[in-house]
Structures are given as C-alpha cells and as structure tokens.
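1. The following block contains a protein sequence and its predicted model.
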Amino acid sequence: MFPTLHTHRLLLREIIAEDIHKVFEGLSHPDVIKHYGISFTTFDATQEQMDWYANMIKNDTGRCWAICSKDNSIFYGVITLPFWEKQHRKAELGYWLLPAFWKQNIATEAAQIVIEYAFNKMNIHRLKAETEDDNFGSIATLKKLGFLYEGTQRECEIKDGKFINLEIYALLNKQA
Ligand SMILES: CC(C)(COP(=O)(O)OP(=O)(O)OC[C@H]1O[C@@H](n2cnc3c(N)ncnc32)[C@H](O)[C@@H]1OP(=O)(O)O)[C@@H](O)C(=O)NCCC(=O)NCCS
C-alpha cells in the first residue's frame, strides 16, 4: 500500500496521472528550472517525468510524493527518494515547489517527514542530495535539515552551454 504521509500542515500523497499538469507547470517554470536538473518545454514531454515517478514505485527503487495542502486542494510540489540502493542502505533526496509556495517552510516540513520515513521504514542509513553551488534556497534547506556538505564536483555538468558545479550534501542516520 502507498505510504501516504501527514504533517501539521501537509498531505504527502501518491503522484497520480492528473498531476502532470502541475508537474509541467513546475518543471517548465523559469524560477524552478533555473537550479533544477530536469525541465520540460512541452506538456507531452513531461510524461517522461511521470513515468520516472511511477517506475520508481513499481520497481521499488525509490519513493516519491506529491506535496499538497492537508485537504488535498492545493498541489505545492514533489519530493522524491530516488536511486534507492538497498544493499548499501542509501538513497537520494530531491524536491521542488511551485514558486508561489516558497519560503513558507513547506520544503523543510515535507523533507522532515520523508527523512523520518526513509530512516524508520526504508532502513536507509545515508541520504544524499546534490545541488548547484548557487542554489541558495536548496543549500539553506539542506543545512536546516541537518545535511552536511561533503564536497563540490567541479564543472561536472553542462547546463545552457556552461559548466556547472554540483555540491554534495548528506545526512546519516546515527540511530541505525
Ligand atoms: C529549494 C526549495 C524546494 C526550497 O523550498 P522552501 O519551501 O522555500 O524552503 P523552506 O521555506 O523550507 O526554507 C528552508 C530554509 O531555506 C531558506 N531559504 C529558502 N529559500 C531561500 C533562498 N532563495 N535563499 C536563501 N535562503 C532560502 C529559508 O529561509 C529557510 O531557512 P530559515 O528557516 O533559517 O529562514 C525551493 O526554493 C524550490 O523549489 N527551488 C527550485 C527547485 C530546486 O532547486 N530544487 C532543489 C534542487 S537540488
């Protein structure tokens, strides 16, 4: 059964086919994709992302949730735990929100319950996050969540014709 999660203000639910409209809105929005690795210029192309979410669940290689208001009436964004490697007890953390909902502690609140789920229900020991070195919102969020900076992969990808640096952050489960 899908692990729906609840926090004080949020519902983290399964991503459904109709969410493609909001996923396209987010992953084509200039402010979101400025620092996000994945973007789409057409609605149809966004199906690739929907398939990525669905396959993660189907193949048991990760988890992903739509971040919504408690009554499920507002779609805020998506949070993922992809690249789950059970033999090493590790996965990655990823997230994006529609800009109208930034700086309201939503990413932090969603990530806190997802991290708790990863550590307690998925038996994960290490969570990694990669972020562009000028993505100050994501860096601040990761630090607030307790992630530690581990290093910078210099000029490791090309974005819009320019090399970018990706910083690595990780959080370890010290209890298990
Ligand atoms: C990264 C992102 C999810 C943060 O979401 P958010 O809900 O605004 O984050 P929160 O409100 O939980 O903020 C967490 C901390 O980061 C700080 N912060 C958020 N955005 C910031 C920004 N642009 N610059 C500096 N600090 C920022 C907040 O002030 C808060 O710290 P504080 O409590 O000490 O004040 C959002 O900016 C986003 O969707 N960005 C585009 C997609 C993206 O970059 N995803 C991550 C890829 S690695």
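-> Arrived safely, thanks for sending. Residues are numbered from 1 along each chain as shown.
2. Would you mind listing what in this structure touches the ligand?
-> 32, 35-36, 95-97, 102-108, 131, 135-138, 140-141, 144 (Cβ under 6 Å from any ligand atom). For every residue, glycine as well, the C-beta is placed using N, CA and C.
3. Give me the buried entries from those residues.
-> Taking 16 or more other Cβ atoms under 10 Å as the criterion, what is buried in these is Val32, His35, Tyr36, Tyr95, Trp96, Leu97, Ile106, Ala107, Thr131, Asn135, Ser138, Thr141.
4. So which of the residues of the chain next to the ligand are in helices?
-> Val32, Ile106, Ala107, Thr108, Phe136, Gly137, Ser138, Ala140, Thr141, Lys144 (DSSP state H).
5. My understanding was that the fourth one contacts Lys143; is that so?
-> Pointing back at Thr108 there. No. Using Cβ atoms under 8 Å, Thr108 is not in contact with Lys143, being 10.5 Å away.
6. In TSV: the buried ones among the residues of the chain next to the ligand, plus pLDDT.
-> Converted to TSV, those look like this (pLDDT from 0 to 100):
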residue	pLDDT
Val32	98
His35	93
Tyr36	94
Tyr95	98
Trp96	98
Leu97	98
Ile106	98
Ala107	98
Thr131	98
Asn135	97
Ser138	98
Thr141	98
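7. Just the element for Leu166, please.
-> strand 162-172 (DSSP states H and E).
8. What are the contacting residues of that strand?
-> Outside strand 162-172, the residues that touch it by Cβ atoms under 8 Å, 6 or more residues apart in numbering are 93, 115, 125-133, 139, 142-143, 145-158.
9. run the last query once more with 6 Å
-> With Cβ atoms under 6 Å, 6 or more residues apart in numbering as the test, strand 162-172 has contacts from 126-133, 142, 146-147, 149-157.
10. can you check stretch 97-114 too?
-> Contact with stretch 97-114 is made by 5, 7, 10, 26, 31, 67, 76-77, 79, 95, 141, 144-145, as judged by Cβ under 6 Å, 6+ apart.
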